[in-house]
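Q: starting from these lines, generate the structure:
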Amino acid sequence: MSCKKAQKFFEQSAVEIELTVDPREEPIDSEIAWQKILGAKRLAVVKGKIFKDLLISERNREEILASVIGPSGKLRVPTFKVGDYYVVGFNEEMYITQLQE
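A: Below you'll find the predicted structure:
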C-alpha cells in the first residue's frame, strides 16, 4: 500500500522518476542495500509515524540495516534517492519536506 501512495504522491507532485525497481521481481537484500546506501550522506527512515534522519557517517552498518531492512530480509519499500540522500518508507508530510530541501 505504501508504494501505491508514494507513486500517487510523485505523480501528483510532478516528480520525475528516473528508475523504478519492482521488489517482487528484483528484491534488494541487505548486502546490496548496504552497498547502495554507502554512497549516501543522509538517510531518512519512516516507520509508521516515527521519522528518523540519520547521517550515514555517524552510524554503523548494523544500525543502518536494522532501519532499512524489513522482516523479509529485503530493503523496505518504498525507497527513493534524491542526490546523496535516501528515503525509506512513506509519509506524505516528510516527503514534502525532504523534496523541498
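Q: C-alpha from now on. contacts and neighbour counts both.
A: Noted.
Q: tell me which residues are up against the lowest-mean-pLDDT helix or strand in the chain.
A: Counting by mean pLDDT, DSSP states H and E, the weakest-scoring helix or strand in the chain turns out to be helix 92-100, with a mean of 78. Helix 92-100 has contacts (C-alpha atoms under 8 Å, 6 or more residues apart in numbering) with A6, F9, V82.
Q: before we move on, what about stretch 21-33?
A: L65, I69, G73, K74, L75, V77.
Q: out of the residues you listed, which are inside strands?
A: Counting by DSSP state E, none of the members of the contacts of stretch 21-33 fall within strands.
Q: which ones are touching the spatially most central residue of the chain?
A: Among the residues of the chain, the one closest to the centroid is V88, at 2.2 Å (C-alpha atoms, centre = their mean). Counting by C-alpha under 8 Å, 6+ apart, V88 touches L43, A44, V45, V46, V68, R76, V77, P78, T79, F80.
Q: closest one to V15 out of those residues, please.
A: Looking at the contacts of V88 and their distance to V15, the nearest is F80, at 11.7 Å (C-alpha to C-alpha).
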